[in-house]
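# dropping the sequence and predicted coords here.
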Amino acid sequence: MKCAHGATVGQLDDTALEYLRSRGIAGADARAMLLRAFGAEVLDKIAIPALRQSLALRLGLGAEDGFVEIGE
């Protein structure tokens, strides 16, 4: 999922939240999904693997999200 709220500061896009809720995803879960997508998009731009992994862990992103090497 790619975050498409259109801003780096401010509120999440209500349309995106409503879309996820209309698909049966609870409001808090929808918000968490969008925040994780935004975080993942930013982390993808970090070229230093150790820094990217450290920040990913702080954001709650792990191996299943493609940011933490399994076994580390």
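Thanks, I have it. Residues are numbered from 1 along each chain as shown.
# and stretch 34-46, what's buried?
Within stretch 34-46, the residues that qualify as buried are 34, 36-40, 43, counting by 16 or more other Cβ atoms under 10 Å. Quick note: C-beta positions are derived from backbone N, CA and C, even for glycine.
# low pLDDT regions in this structure?
1-11, 63-66, 68-72 (pLDDT under 70).
# ok, longest helix in the protein?
Looking across the chain with DSSP state H, the single longest helix is helix 27-43.
# what ranges does this structure have for its helices?
14-22, 27-43, 49-58.
# and those, which is most packed in?
helix 27-43 (a mean of 16; mean count of other Cβ atoms under 10 Å).
# helices or strands next to it in the packing?
helix 14-22, helix 49-58 (3 or more Cβ pairs under 8 Å, 6 or more residues apart in numbering; DSSP states H and E).
# the shortest one to helix 27-43, inter-axis angle?
Read it as helix 14-22. Counting by axes from the mean of the first three to the mean of the last three Cα atoms, to 10 degrees, helix 14-22 lies at 130 degrees to helix 27-43.
# dump helix 14-22 to PDB, restricted to CA.
C-alpha atoms of helix 14-22 as PDB (Å, rounded to 0.1, in the frame of the first residue of the first chain):
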ATOM      1  CA  ASP A  14     -10.400  11.400   5.200                       C
ATOM      2  CA  THR A  15     -11.200   9.900   1.800                       C
ATOM      3  CA  ALA A  16      -8.500   7.200   2.300                       C
ATOM      4  CA  LEU A  17      -9.700   6.500   5.800                       C
ATOM      5  CA  GLU A  18     -13.300   6.200   4.600                       C
ATOM      6  CA  TYR A  19     -12.300   3.900   1.800                       C
ATOM      7  CA  LEU A  20     -10.600   1.500   4.200                       C
ATOM      8  CA  ARG A  21     -13.500   1.700   6.600                       C
ATOM      9  CA  SER A  22     -16.000   1.000   3.800                       C
END
